[in-house]
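Trainee: need a structure here:
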Amino acid sequence: MEQTNTLTKIQEAAAYIRSKYAAKPEIGLILGSGLGVIADLVEQAVVIHYEDIPHFPVSTVEGHAGELLLGTIEGRHVLLMKGRFHMYEGYGVETVSFPVRVMKELGVDKLLVTNAAGGINTSYVAGDLMLIKDHINFTARNPLIGPNLNELGVRFPDMSEAYSKRMREVAKAVAAEQGVKLQEGVYIGLLGPSYETPAEIRMMRTLGADAVGMSTVAEVIVARHAGIEVLGFSCISNMAAGILDQPLSHAEVMETTERVKQTFLKLILGVIPKV
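Mentor: This is a model prediction of the structure:
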């Protein structure tokens, strides 16, 4: 019964969005803290508020607008989430990843995720852009737990290429053309909302993580389960706890993303027509 209910919810949300925008989106974008400015790239945008979409949660975090935009970027039909959902807001892992299911139902087969992250790799500096090559799920949550819906994907999805190698090569080529310094590393996702302690950051560096954040992982797991190809970017908005002798704040995250937004916009604009 619950499985039927989940499918119905996905279909009802997709039907509502389709009623507002008839064209089939091929690329989905999920934007992180302070990165909603990418929405400015969408041409002839149809804006839908999350609260108007059946079964959609609502974002409660500063820097996350809570709007779905549909339109074109460089001639490609896109569906863009301006503001995402986080488990630290009290949402279950299935709720956080629900929009990705809706994207798939609408026809999206490529997903571009962005986030603001703390730099763990000591060669990084605030303001760097990092191409995500892999992730570590440190949330102790997985959106696929429970009965598997075969209509949505296989029981045991392969995660050996969570972030598309093909799309990463495109992003690196575009960054090189534009003269943009692009780091490439491993993102580790935690529940939050408290920032990590210096001891936790030392542990994560030992585990092989280059950047840390509180999102992305659940969305990417569901995308791969659905057969969607994923490309991910982290904006290194601050250095993680203990690296610099200073406290961490959300204000710093917003300030840094504001500073690098033009570089980021140009990179996304270059990548979308080529993926």
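Trainee: only C-alpha atoms from now on, for both contacts and neighbour counts.
Mentor: Fine.
Trainee: which parts of the protein are strands?
Mentor: Remark: strands assigned in the chain by DSSP state E are 27-31, 43-49, 67-73, 76-82, 110-119, 129-137, 182-189, 211-213, 229-239.
Trainee: export these to CSV and tack on mean pLDDT and mean neighbour count?
Mentor: Below are these laid out as CSV (pLDDT from 0 to 100; neighbours: other CA atoms under 10 Å):
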stretch, mean pLDDT, mean neighbour count
strand 27-31, 94, 25
strand 43-49, 94, 16
strand 67-73, 94, 23
strand 76-82, 94, 25
strand 110-119, 94, 26
strand 129-137, 98, 21
strand 182-189, 98, 22
strand 211-213, 97, 28
strand 229-239, 93, 27
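Trainee: with distance to Thr263 added, can I get these in CSV?
Mentor: Putting the strands of the chain into CSV (distance: least, CA to CA, whole Å) gives the following:
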stretch, distance to Thr263
strand 27-31, 15
strand 43-49, 19
strand 67-73, 17
strand 76-82, 18
strand 110-119, 14
strand 129-137, 9
strand 182-189, 11
strand 211-213, 19
strand 229-239, 11
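Trainee: out of the ones you listed, flag the one nearest Glu200.
Mentor: With CA to CA, the closest approach to Glu200 among the strands of the chain belongs to strand 211-213: 10.6 Å.
Trainee: quick one: that closest one to chain centroid distance?
Mentor: 12 Å (CA atoms, centre = their mean, to the nearest Å).
Trainee: show me what that strand is in contact with.
Mentor: 115-121, 185-190, 234, 236, 240 (CA atoms under 8 Å, 6 or more residues apart in numbering).
Trainee: and if you look at stretch 237-245?
Mentor: Looking at what lies outside stretch 237-245 - CA under 8 Å, 6+ apart - the contacts are 116-120, 122, 124-128, 195-199, 201, 212, 247-248, 252-254, 256-257.
Trainee: show me which of those residues are buried.
Mentor: Buried members of the contacts of stretch 237-245, counted by 16 or more other CA atoms under 10 Å: 116-120, 124, 126-128, 195-196, 201, 212, 248, 253-254, 256-257.
Trainee: ok, back up a step: tell me which of the contacts of stretch 237-245 fall in helices.
Mentor: 198-199, 201, 252-254, 256-257 (DSSP state H).
Trainee: out of these, the closest to Ala23 would be?
Mentor: Thr257 (31.3 Å).
Trainee: surely His225 meets Glu151?
Mentor: No - using CA atoms under 8 Å, His225 is not in contact with Glu151, being 10.6 Å away.
Trainee: compare these two (neighbour count), which wins?
Mentor: Shown here are His225 and Glu151; by other CA atoms under 10 Å, His225 has more neighbours (21 against 8).
Trainee: need the contact list for the more buried one.
Mentor: 152-154, 157-158.
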